[in-house]
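what follows is a predicted protein model with its sequence.
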Amino acid sequence: MPDDHKPIEIEDIGSNPAPREPIGALIERRLSRRAALRGLLGAGAAATLSDQLLAAAVPAAAQPAPGGAALPSSLGFREIAHRMDERDAVPEGYEIQTVIRWGDAVLPDAPAFDPLRQTAAAQAAQFGYNNDYVDFFPLPRGSRGAEHGLLAVNHEYTDPQLMFAGLREEKDGKAVSLGEGARRRLSREQTMIELAAHGMSIVEIRRQDGRWAPVRDSRLNRRITGETPMRVSGPAAGHARLRTSADAEGRLVLGTLNNCAGGNTPWGTVITCEENFNQYFGGAAATTGAQAAMYKRYGIVGEGSYGWSRHVDRFDLDKEPNEPNRFGWVVEYDPYDPQSVPVKRTALGRFKHEGCTHAIAPDGRVVFYMGDDERFDYVYKFVTARAWNPRDPAANRDLLDEGTLHVARFHEDGRMEWLPLVHGQGPLTAANGFDSQAEVLIDTRRAADLLKATPMDRPEDVQANPADGRVYVMLTNNTRRKPEQVDPANPRAANASGHVIEMIPPGADAGQADHAAPEGRWEIFLIGGRPGVDAGAQYHQGTSPEGWLSCPDNCTFDSKGRIWIATDGAPSTHGVADGLYAADTTGEGRALTRLFYQAPTGAEVCGPCLTPDDTTMFLAIQHPGDDKGASFEEPSTRWPDFQPGMPPRPAIIAITRKGGGVIGS
C-alpha cells in the first residue's frame, strides 16, 4: 500500500508505459449524467453539477440536522473529529484494546521482546512488523463463534529506521527521513531480521471478561516468514522462468514477501497477497538482462529499496534472474493446520496483489476479486472452473488451480466487461510472446495491456457486499496522472484523494448476483477529498465536516451491509490522521461517511475485520510514528506502549463497546 511513509519511487514506480483513457475521464462523464439522482454532495469549481441541482436531488431528510448530526444514517455512534495526535481515538462509549504488538511472543519458545537486542531467530518466533490484512477464524472450525478464534495477520514490510537504533540521519542539525543509502547499509543480521519480520502470524485469541488476549502456548500459533518453504501450483508451476539454482524444478519457493491485504475461501483457508515484491531485488540485469522489459513493467530496478541483494544471493538479479518471477502471487494456507505447506496459486495471475476476496456465483463457482495496486493498473477477477463443495473439504483443496482470470474494462455508458486472460485468445499468442498459459500468468500485466483493460487509480481492496452482491473497489489515489493523460473535463487530473467504485453484477439488485458473468454495470459510490476544498469531491449531502475521507484503501462490511473504509494517505494530502469511516450503502444514508476511528500520528489503518456477531472490530495499525524525520531514538509517537526507550510498535487492536454491543449501532 504505497504512501508517503515508504520508498515510493521504487515501490510504486508507475510502470504502465501507455495507459489508455484512465478511469477518471469516464467518471467525470458518468457523474455529469447520473450523480444528481444519487444524493451526492459535489464540491469545487470543477464540479459538473450546480449546488441547486444537487440540493434538489437530495430528500429534505438528508440535510444535516442542527449540530452536524446526519439524520438519514443508520449508524448510531457520535462521530469523532479529525485530528493528528500521538494517541488514537474512538467515539464516546467505545474502547480500544491492544491485542498483540510487534515483538510479542507467537511461538512458545519466543524470547521476551528486546528492541536493542533483536535477532532473526527471535523475530521468527515473535509477531512480525507492519501488520496489514487481518482475519478472524472461529474456533472450533466451522462454527460461528465470536469469543474464541484464530487471528490471521499479514506482515507487509519493515521500517528499519524505527526498528533499529543508530540509523538516525541529520541535515543542518535536524533529523531527516531515512535515505535509501542508509537502508542499504544494514548489516546481514539486520537484513535477516527484516526477512523474519515479513510474512504472517497466526495466533489463537480468546475474549474473557470483555478483553481479548492471545493464548500464549497454543499449538495452533504459527509464524510464516520470508524463508518459509512454499509449494508452487497451477499453470506456471515448473515453468523455466520459475527455476533457480536452488530449485531446479521451479516448484518450491522460500517465503512470501510484502503481504498486503488478503481474503479467505468458503472452505476456511487464508488467501494472502504479495504486493510490492519488486523493491527487494537488485542487480545490473534489471536493465541489461534477458528479462529487462518484464522487470521494467513490474517496477524492478537496478538497486532495490531494501539492499537485500548484498547479503542474500537469491535477491541478486545477476545471480538469480528468475527469483522475482516467484513473487507477486496469491498464497493459500490453512490457518487451522500449523503444519500445512502454503501454496502459491499461479492461476490467479502475477501482479502487485493488494487483496483477493471471494463471492459465490449462483452455480456454486467461486469468484475472487483482486486489485493491482499501482497507478494506471487494473482490476481483476478469477472464476473457478467448477463449483466448491461445502460437504467435502478435500474436494476444494486445489480448486484455485483451475479457472479463468479476467481483467476489467469500464465503459462510459456504465457498462463493464470482463476480458478473459486465456492463451490463444485475441492477442495472447506466441506472436506476441506468449507461448503458453503459464507465460500469460507470469506476465499478467503485459497480457492485460494487450487486452486494453481500463487503467485505474491504484486499485487496492476489492470486496463484494454480502448483503446484495455489489462489489466495491477502493481506488486510493493517482497524483502522477498528468493533465495530458486525461480529457480536459476531468476534475481529477491529479487525484490525490482517491475514490470508490461500485461494480454491479447481473442479478445483484434482485439478490442473485452472478459474479461469474462476463459483463456488468458500474457506478460511483464516492469521490474522496474535502468538500469545498478539493475539486470533484462527491459524498452524500449530509456528510459532516468530520465525515469526509482521503485515500480509501481497505474495506469490510457488517451484517447490515454497511461499508467500513480504512484510509492510507490522509496525512500527506490533508494533514489529518488516517482513520476508519463507515457508511450505509443503500437508502437515504448512502455514501454518508462518518469518522469512527483515527490512528496515531504516522500510522496507516489496515485490515478492518469484524467478528461474526459484529461486536468487535479488529484493526491493523501499521507504521505508527513514521513521520518525516522520525527514528528509533526520536519517533513521533511511542504508541501503543508510551514507555521511554520503547519504539512505536505496529499492533492489532480490538475496538468494542463499553458494556458490550454491536459496533456502529
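Structure's in. What do you need? All of these numbers come straight from a predicted model, not from anything done at the bench.

quick one: low-confidence ranges for the stretch 51-200 of the chain?
51-71, 170, 173-182, 184 (pLDDT under 70).

specify the beta-bridge partners of G371.
V379 (DSSP bridges).

let's have the chain start at 40 instead
With 40 as the first residue, the last one maps to G410.

what sits against it?
392-394, 417-419, 495, 497-501, 512-513 (CB atoms under 8 Å, 6 or more residues apart in numbering). All C-beta atoms are positioned from the backbone trio N, CA, C, and that covers glycine.

please enumerate the helices of this protein.
Using DSSP state H, the helices found in the chain span residues 47-50, 62-73, 90-96, 159-162, 199-202, 219-222, 227-236, 324-327, 331-336, 476-481, 483-489, 609-613.

contact partners of the last one?
With CB under 8 Å, 6+ apart as the test, helix 609-613 has contacts from 42-43, 123, 516, 535-536, 568-569, 588-590, 615-618, 640-641, 666.

circling back: turn the contacts of G410 into JSON lines, columns for neighbour count, pLDDT and distance to I244.
Putting these into JSON lines (neighbours: other CB atoms under 10 Å; pLDDT from 0 to 100; distance: CB to CB, whole Å) gives the following:
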{"residue": "H392", "neighbour count": "29", "pLDDT": "98", "distance to I244": "26"}
{"residue": "E393", "neighbour count": "28", "pLDDT": "95", "distance to I244": "25"}
{"residue": "G394", "neighbour count": "31", "pLDDT": "95", "distance to I244": "22"}
{"residue": "Y417", "neighbour count": "24", "pLDDT": "95", "distance to I244": "36"}
{"residue": "V418", "neighbour count": "28", "pLDDT": "96", "distance to I244": "33"}
{"residue": "Y419", "neighbour count": "27", "pLDDT": "98", "distance to I244": "32"}
{"residue": "M495", "neighbour count": "28", "pLDDT": "91", "distance to I244": "36"}
{"residue": "R497", "neighbour count": "30", "pLDDT": "92", "distance to I244": "32"}
{"residue": "P498", "neighbour count": "28", "pLDDT": "93", "distance to I244": "31"}
{"residue": "E499", "neighbour count": "30", "pLDDT": "95", "distance to I244": "26"}
{"residue": "D500", "neighbour count": "34", "pLDDT": "97", "distance to I244": "23"}
{"residue": "V501", "neighbour count": "27", "pLDDT": "97", "distance to I244": "27"}
{"residue": "V512", "neighbour count": "26", "pLDDT": "95", "distance to I244": "31"}
{"residue": "M513", "neighbour count": "31", "pLDDT": "95", "distance to I244": "27"}
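
where strands are concerned, which of these count?
The strands, defined by DSSP state E, take in 392-394, 418-419, 495, 498-501, 512-513 from the contacts of G410.

ok, the contacts of G410 vs D256, which is closest?
G394 (31.7 Å; CB to CB).

how far away is the closest one from P154?
Distance, G394 to P154, by CB to CB, to the nearest Å: 31 Å.

same check on G403?
50 Å.

please apply the same query to E456.
Counting by CB to CB, the gap from E456 to P154 is 52 Å.

cool, G307 as well?
36 Å.

can you count the residues close to the residue lying closest to A323 once chain neighbours are set aside?
What sits nearest to A323 in space, not counting adjacent residues and going by CB to CB, 6 or more residues apart in numbering, is D357, at 5.7 Å. Neighbour count for D357, taken as other CB atoms under 10 Å: 14.

before we move on, what about R258?
9.

same deal with A332?
Per other CB under 10 Å, the neighbour tally for A332 reads 12.

so A424 sits against D437, correct?
No: with contact defined as CB atoms under 8 Å, A424 and D437 do not form a contacting pair (10.8 Å).

settle it for me: which of the two has more neighbours?
D437 (14 against 11).

can you verify my assumption that that one contacts S272?
Yes: here D437 reaches S272: they are 6.7 Å apart, a contact under CB under 8 Å.

check contacts around P557.
Taking CB under 8 Å, 6+ apart as the test, what P557 contacts is 445, 456-457, 459.

who are the contact partners of the residue nearest to A323?
322-324, 328.

how about M123?
Residues near M123 by CB under 8 Å, 6+ apart: 610, 614-616, 640.

find the nearest non-adjacent residue to it, please.
Nearest one to M123, counting by CB to CB, 6+ apart, is A616 at 5.1 Å.

repeat that for E562.
Closest to E562 by CB to CB, 6+ apart is E541, at 4.6 Å.

shaky segments in this structure?
Residue ranges of the chain with pLDDT under 70: 40-52, 57, 59-110, 209, 212-221, 223, 520-530, 532.

my guess is D174 meets G307, correct?
No: D174 is beyond contact range of G307, at 10.5 Å (criterion: CB under 8 Å).

neighbour count winner among the two?
The neighbour comparison of D174 against G307 (other CB under 10 Å) goes to D174, with 21 against 15.

so what's the residue count around the residue nearest to that one when sequence neighbours are not counted?
Nearest residue to D174, sequence neighbours excluded (CB to CB, 6+ apart): A191, at 4.6 Å. Neighbour count of A191, defined by other CB under 10 Å: 25.

mind listing what K420 touches?
Contact partners of K420, counting by CB under 8 Å, 6+ apart, are 406-409, 444-445, 447, 457, 554.

now the contacts of M123 as CSV including distance to R353 and neighbour count?
Listed next are the contacts of M123 as CSV, based on distance: CB to CB, whole Å; neighbours: other CB atoms under 10 Å:
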residue, distance to R353, neighbour count
P610, 35, 25
G614, 41, 9
V615, 41, 20
A616, 38, 23
T640, 37, 24
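
and stretch 671-689, how far apart are its ends?
Taking CA to CA, to the nearest Å, the first and last residues of stretch 671-689 lie 13 Å apart.

again but with stretch 599-607, I slipped
With CA to CA as the measure, stretch 599-607 spans 25 Å from end to end.

ok, stretch 275-289 next?
Counting by CA to CA, you get 9 Å between the two ends of stretch 275-289.

what's the answer for stretch 685-697, then?
29 Å.

buried ones in it, by neighbour count?
For stretch 685-697, burial by neighbour count (16 or more other CB atoms under 10 Å) applies to 686-696.

ok, stretch 440-451 next?
440, 442-449.

mind picking the two most distant members of the residues you listed?
Across the buried residues of stretch 440-451, the longest distance by CB to CB is 29.1 Å; it joins D440 and F449.

run through the strands of the stretch 540-689 of the chain in chain order.
558-566, 577-579, 591-596, 602-606, 618-622, 633-637, 643-649, 656-661 (DSSP state E, counting those that start in this stretch).

ditto for the stretch 340-489 of the chain
Using DSSP E, counting those that start in this stretch, strands in the stretch 340-489 of the chain cover 369-372, 382-384, 392-399, 404-411, 414-416, 418-426, 442-449, 454-459.

quick one: which of those is nearest A622?
strand 392-399 (18.7 Å).

what's in contact with the closest one?
40, 172, 299-305, 310, 312-314, 367-369, 387, 405-412, 427, 498-503, 508, 510, 552, 554, 593.

what's the angle between that strand and strand 404-411?
If you take axes from the mean of the first three to the mean of the last three CA atoms, to 10 degrees, strand 392-399 sits at 160 degrees to strand 404-411.

distance from strand 392-399 to the middle of the chain?
On the basis of CA atoms, centre = their mean, to the nearest Å, strand 392-399 sits 10 Å off its chain's mean C-alpha point.

restricted to buried residues, select the contacts of D357 in PyMOL.
Buried subset of the contacts of D357, written as a PyMOL selection, criterion 16+ other CB under 10 Å:
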select buried, resi 322+324
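
need the contacts of D357 in CSV with distance to A287, can you?
Listed next are these as CSV, based on distance: CB to CB, whole Å:
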residue, distance to A287
G322, 21
A323, 24
A324, 20
G328, 20
